[in-house]
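Engineer: based on what follows, work out the 3D shape:
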Amino acid sequence: MKTLKDTIHKLTLPTPYAVGDVHTYLIAGDLLSLVDAGVKTDEAWQALQTQLKQLGFSPKDIEQVILTHHHPDHMGLIEYLPRVQNVAAHAKVRPWLEREEQFFIRYEKFFEKMYVESGVPSQYFSFLKGLRKPLKLSSKGILTQELLEGDQLPGHEDWQVIETPGHAQSHLSFVRETDGALLGGDHLLAHISSNPLLEPSYIEGEERPRPLLQYRESMEKIADYHVHTVYPGHGKTFDQVMDLVHRRLSRQVERAYKVLGMVQSRPLCAYEVCEKLFPKQIESQFGLTMSETIGQLDYLEHQQLVQTTIEDRQKIYYVNR
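Structural biologist: Predicted coordinates for the structure are as follows:
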């Protein structure tokens, strides 16, 4: 077996989110790199410093940051690392890291249009005012290196980039096939299924992405690689990877057919489906539940099991007979 050049150190940092702690990974090889960077809170910063010290390092030893995706619990502490010269990630991280105002304006307009189309009641439109709130817990900086499918990680040539959109349009995973290690971000988690989250197109005028369809493709893509152990962004490190992938794909289809049963009763808009699918969670987790619901409807539409029509600016789903 080929000698492994890089050592993986897991660092676990607290977050204010329901998902709990987030893991970042220190990769020690030709460069000292941090894969993901936690959330921007005093508690996370203290935890990072403490755990680095236990390994014999300090924040100023970290030479580059490599990001799996743009969510704030994965890139919050970049600006705290004084020696970092290179921030490497998917190109779609750029508007989030560099705070591109025109993108955020388009982002907000996208959700406003989606809410109208989905039949969302007016009281939920206040959610739109909080779309930028997560930026407070994220870093501002410059994306200095774009990573693409098949690239090697800078300074860590044993690691290959896999594009795994779905949970985020910017999502990447990193595989080392010599030992089957996967730095998976939020792509695969042992204890919960990652939410495929709605986002606008990153190119103005393009059709919106279908994140649940992307997520299914990204999970299936893992079968093309020798993956033995997943080092995830949350929860425990795990193996038996393809068993988990098959369970997730199967359960997602089960939920889609549950949605199909709802639409068979009578034509529904996405909000009405969300109410039925998540009666206890829709109030407290409105954005997540709507993303999940529209994802299931996208899947049914893709499978030609439902059709749509527009009535009073609302998209109505009905069974394809």
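Engineer: what stretches of this structure score poorly on pLDDT?
Structural biologist: Across the chain, the ranges flagged by pLDDT under 70 are 1-3.
Engineer: how about the strands of it, start to end?
Structural biologist: If DSSP state E is used as the criterion, the strands of the chain fall at 7-13, 22-28, 32-35, 64-66, 86-89, 145-146, 152-153, 156-163, 172-176, 181-185, 229-232, 268-269, 306-311, 314-319.
Engineer: need those strands in a markdown table with distance to residue 298, can you?
Structural biologist: Glycine gets a C-beta too; all of them are placed from N, C-alpha and C. Shown next, in a markdown table, are the strands of the chain (distance: least, C-beta to C-beta, whole Å):
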| stretch | distance to residue 298 |
| --- | --- |
| strand 7-13 | 33 |
| strand 22-28 | 28 |
| strand 32-35 | 30 |
| strand 64-66 | 30 |
| strand 86-89 | 26 |
| strand 145-146 | 28 |
| strand 152-153 | 32 |
| strand 156-163 | 19 |
| strand 172-176 | 22 |
| strand 181-185 | 22 |
| strand 229-232 | 25 |
| strand 268-269 | 14 |
| strand 306-311 | 10 |
| strand 314-319 | 10 |
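Engineer: residue 59: neighbour count?
Structural biologist: Applying other C-beta atoms under 10 Å, we find 17 residues neighbouring residue 59.
Engineer: ramachandran coordinates for the closest residue to it other than its chain neighbours?
Structural biologist: The shortest distance from residue 59 to any non-neighbouring residue, by C-beta to C-beta, 6 or more residues apart in numbering, is to residue 81 (5.2 Å). With angles defined as degrees, to the nearest 10, residue 81 sits at phi -100, psi 100.
Engineer: so residue 81 is in contact with residue 62, correct?
Structural biologist: Yes - counting by C-beta atoms under 8 Å, residue 62 is a contact partner of residue 81 at 5.1 Å.
Engineer: shared neighbours, these two?
Structural biologist: Counting by C-beta atoms under 8 Å, 6 or more residues apart in numbering, the contacts common to residue 81 and residue 62 are residue 34.
Engineer: the two: which has the busier surroundings?
Structural biologist: Higher neighbour count among residue 81 and residue 62: residue 62, with 23 against 20, using other C-beta under 10 Å.
Engineer: got a list of what the more buried one touches?
Structural biologist: Residues counted as contacts of residue 62 (C-beta under 8 Å, 6+ apart) are 26, 32, 33, 34, 52, 81, 83, 84.
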